[in-house]
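Enquirer: pasting the sequence and the predicted model now:
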Amino acid sequence: MTEQGELTPAGLDHEAASTRTLGMTRFHLQLERVRLRAIAARHRRDGDGAALNRTIAELAAVDVRLADAPAGHRDTRLAALLGLTSDELELLWAAVAATVDPALSPHLRDLAGSEARHGISLALHAVVANLDLHAARTLSMALTPRHPLLRYELLLVSGDGVPATRPLTAAPRLAAYLADIDEIDEAVLHIGGVVRVDSAPHFDQAQLECVRQIATALDARDPVLVVIEGPPEIGKRTAAAVAALGLQRSIIQIDVTRLAAGVPALEHAFCALRRECLLDDALPLVAHIDELVGNEGEGRARIQALARLLDETPIPVIATVSTAGFDLGTERTVLRVTMPAPDVSARRVLWQDEIGDNADVDVDLLATRYQVGAGGIRRAMGAARLLAGDVALTTHELVEGVRNGIAERLGELAHRVEVKQSWSDLVLGPDTSDQIKALVARIEHGPLVHEQWGFSAKLPRGLGTAALFSGPPGTGKTMVAGLIARALDLELYQVDLSKVVSKGVGETEKQLAKIFDAAEAGHALLLFDEADSLFAKRTEVKSAIDRYANLEVNYLLQRIESFGGISILTTNLDTSIDPALRRRLAAHIVFYPPEPPERATLWRRLIAPGAPTSGSLDFDQLADEFPDMTGANIRNAVLAAAFLAASEKSRITQAHLRRAGRGEYRAMGRVIH
């Protein structure tokens, strides 16, 4: 300005530039700053001094506006958090501008040609920012893969060639963050997101102690890995969020069960999670990490990849697992916290909170019977509302809602068995019948003996009941398991061993953990048919296969003992069962082939009451003629006789029964005289 108050041409340009930038946010001012620097670089290259001076004046106006902006903007917070130098922060803004500002693109292409379409390289940035040789070289040497801008994938490198010429772009989430847009990264949102906490989540005392342990670990300076173990849907993630809330932090999660297969998907998701937590000052949680195991090759590769990513993360990380003792192989300090299912009183509160004042629901029954947490209760409520439609909820719909959730958790690992027989259909010797009655009584009176009489304090592990039924095929083992489930109002789930046993390391244990956890939560009786294939005797270790097979049996023995529900194992070869299992059994009931009077009774009872018969049927004669038949064989023969009679448009006669019996005997491989 002259003494007469007149503006010089440079002053006019400066004032005009100030007017243009008045309405800009700090984000847009930074983009404008990069654009003007690129224009200045072009003028400098072309030797256009006048144009260069005008651009420098505009840059000065932008700098004034930036200096006047309130302190504590996100870029300065990020620079302080990552320890960025001023040159590194300038590079960050250049990459952001090159990624999102269309007004910058023509100037970059004019300076660097078509390669600028892929981003801004260090070499191009040095020209735009007018860096001296020392500053450019220092920046190039600092930007290694371990640099926080690259490690957190705030800046993304693409293309081939030497580092100084490879294009850099900004992650879209970084640009949104600097523009004060608080929308969680899509890569995280689709497979997780922020763990929401109810205003007053209800925990029992044991669970509150877990929350305290988690909070203590998260407050430590060491980058610890907190592994929260426990059954699904009991509040593990909520406990972590409550613990973090006390530290004025939030929890952002990814769920590995929602990931695509392969290591790249895991790496992309975890890096996005780590970046999101950095920008939001949150703590990362990886849910269901035991689901990473699969076939031996891919499962192991994904676990190793996650361990590496964890070791590269300088902040506490939380993980949840259902398989106790699951080992990731990380070098971080690991704290394991075992989260129990809520006790009965806590479950009563959780059910009541969800149900409200619905008088047609037996909250005590639901709380006592089903060991589910808040997540399982919410899932059951959702299914129950669909079943009830416009009608008020009752206990029946809620029970079906719980069963629906249990069936979903079990998937193909076990299938529900509908029990249609009754005790009157059962024909057994008196000793075997007495043992079955004693087993049912033990289960029925378990709460009285364990809880009220205090015997639970004398037991080392769980309060469940495991029984072994052994004997030849067709002697009623599976039928008795179903009748016990029906008598105790339990769901009967038969485990599909073909889906459970896997060659993948750790896969069998993971599948078994799912089964036991779901059965314990869902008031179900587990039936392991042909259990000798799973509970076989441990062998001398001569190979890796032997070692892993023994580990599976070890896990099974521990899990059977700690299981709080009822499990029945059936086998035709009880001598092949590991001896250690016998010590954990509440009962070992041997099912013998039926004696002649029992066989005659079976022939008589297996003829349906409404079936047409003709003449006098001699069941004693049939029992004597076919002495090796079990109940299953007799059932097959009676059914075959009924079809023979139907095909002849006749009533069922003794001749039909004998013909069918002879056919079944031949199918059994027996010689008929």
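Expert: Done, it's in. Residues are numbered from 1 along each chain as shown.
Enquirer: how close does residue 136 sit to residue 25?
Expert: For residue 136, the distance to residue 25 under the criterion C-beta to C-beta, to the nearest Å works out to 30 Å. For every residue, glycine as well, the C-beta is placed using N, CA and C.
Enquirer: one more: residue 99?
Expert: Taken as C-beta to C-beta, the spacing of residue 99 relative to residue 25 amounts to 17 Å.
Enquirer: so which residue is dead centre in this protein?
Expert: When the chain is reduced to its mean C-alpha position, the nearest residue by C-alpha atoms, centre = their mean turns out to be residue 288, at 3.4 Å.
Enquirer: now that residue: phi and psi?
Expert: Dihedral pair for residue 288: phi 60, psi 50, per degrees, to the nearest 10.
Enquirer: more neighbours: residue 136 and residue 25, which one.
Expert: residue 136 (19 against 12; other C-beta atoms under 10 Å).
Enquirer: shaky segments in the stretch 1-150 of the chain?
Expert: Scanning the stretch 1-150 of the chain for pLDDT under 70 picks out the ranges 1-23, 71.
Enquirer: which residue ranges of it form helices?
Expert: Taking DSSP state H, counting those that start in this stretch as the test, the helices found in the stretch 1-150 of the chain are 9-21, 26-46, 49-68, 74-82, 86-100, 105-112, 122-128, 133-142, 148-151.
Enquirer: residues in contact with the closest residue to residue 640 other than its chain neighbours?
Expert: Computed as C-beta to C-beta, 6 or more residues apart in numbering, the closest residue to residue 640 that is not its neighbour in sequence is residue 660, at 3.8 Å. Residue 660 makes contact with 637-641, 644, according to C-beta atoms under 8 Å, 6 or more residues apart in numbering.
Enquirer: surely residue 121 is in contact with residue 162?
Expert: No - with contacts counted by C-beta atoms under 8 Å, residue 121 stays clear of residue 162, the gap being 9.6 Å.
Enquirer: the two - which one has more neighbours?
Expert: The neighbour count for residue 121 versus residue 162, taken as other C-beta under 10 Å, is higher for residue 121 (25 against 10).
Enquirer: just to revisit the earlier point, can you lay out the helices of the stretch 1-150 of the chain as CSV showing distance to residue 493?
Expert: Output for the helices of the stretch 1-150 of the chain, formatted as CSV (distance: least, C-beta to C-beta, whole Å):
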stretch, distance to residue 493
helix 9-21, 69
helix 26-46, 57
helix 49-68, 66
helix 74-82, 51
helix 86-100, 53
helix 105-112, 61
helix 122-128, 61
helix 133-142, 59
helix 148-151, 46
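Enquirer: what about the helices in the stretch 301-450 of the chain?
Expert: Listed in chain order, the helices of the stretch 301-450 of the chain (DSSP H, counting those that start in this stretch) span residues 344-355, 363-369, 374-388, 395-410, 430-444, 446-447.
Enquirer: ok, which of the ones you listed comes nearest residue 79?
Expert: Taking C-beta to C-beta as the criterion, helix 374-388 is the member of the helices of the stretch 301-450 of the chain that comes nearest to residue 79, at 39.8 Å.
Enquirer: now the angle from the closest one to helix 395-410?
Expert: 120 degrees (axes from the mean of the first three to the mean of the last three C-alpha atoms, to 10 degrees).
Enquirer: let me know the closest of the contacts of residue 660 to residue 302.
Expert: For those, the residue nearest residue 302 by C-beta to C-beta is residue 639; the value is 50.1 Å.
Enquirer: how many other residues sit next to the closest one?
Expert: Residue 639 is surrounded by 15 other residues when neighbours are defined as other C-beta under 10 Å.
Enquirer: re earlier: select only the buried ones of the contacts of residue 660 in PyMOL?
Expert: To isolate in PyMOL the members of the contacts of residue 660 that are buried, counting by 16 or more other C-beta atoms under 10 Å, one can use:
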select buried, resi 637+638+640+641+644
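Enquirer: make a markdown table from the contacts of residue 660 and add distance to residue 151 and pLDDT to it.
Expert: Written out in a markdown table, the entries for these read as follows (distance: C-beta to C-beta, whole Å; pLDDT from 0 to 100):
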| residue | distance to residue 151 | pLDDT |
| --- | --- | --- |
| 637 | 73 | 95 |
| 638 | 73 | 95 |
| 639 | 69 | 95 |
| 640 | 72 | 95 |
| 641 | 76 | 94 |
| 644 | 77 | 94 |
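Enquirer: what about stretch 464-484, how long is it end to end?
Expert: This stretch, stretch 464-484, spans 15 Å end to end (C-alpha to C-alpha, to the nearest Å).
Enquirer: can you give me the buried ones in it?
Expert: Counting neighbours by 16+ other C-beta under 10 Å, the buried set in stretch 464-484 is 464-471, 474-484.
Enquirer: strands - which of these land there?
Expert: When DSSP state E is applied, the buried residues of stretch 464-484 are split such that 465-470 fall in strands.
Enquirer: ok so, going back, going by distance to residue 601, which of the contacts of residue 660 wins?
Expert: Using C-beta to C-beta, the shortest approach to residue 601 within these belongs to residue 638, at 12.6 Å.
Enquirer: that older thread, how much space separates the residue nearest to the centre of the chain from residue 436?
Expert: From residue 288 across to residue 436, the span is 39 Å (C-beta to C-beta).
Enquirer: also residue 424?
Expert: As it turns out, when the distance is counted by C-beta to C-beta, residue 424 lies 14 Å from residue 436.
Enquirer: if we can go back for a sec, relative to residue 528, which of the helices of the stretch 301-450 of the chain is closest?
Expert: When these are compared for distance to residue 528 using C-beta to C-beta, the nearest one is helix 395-410, at 13.6 Å.
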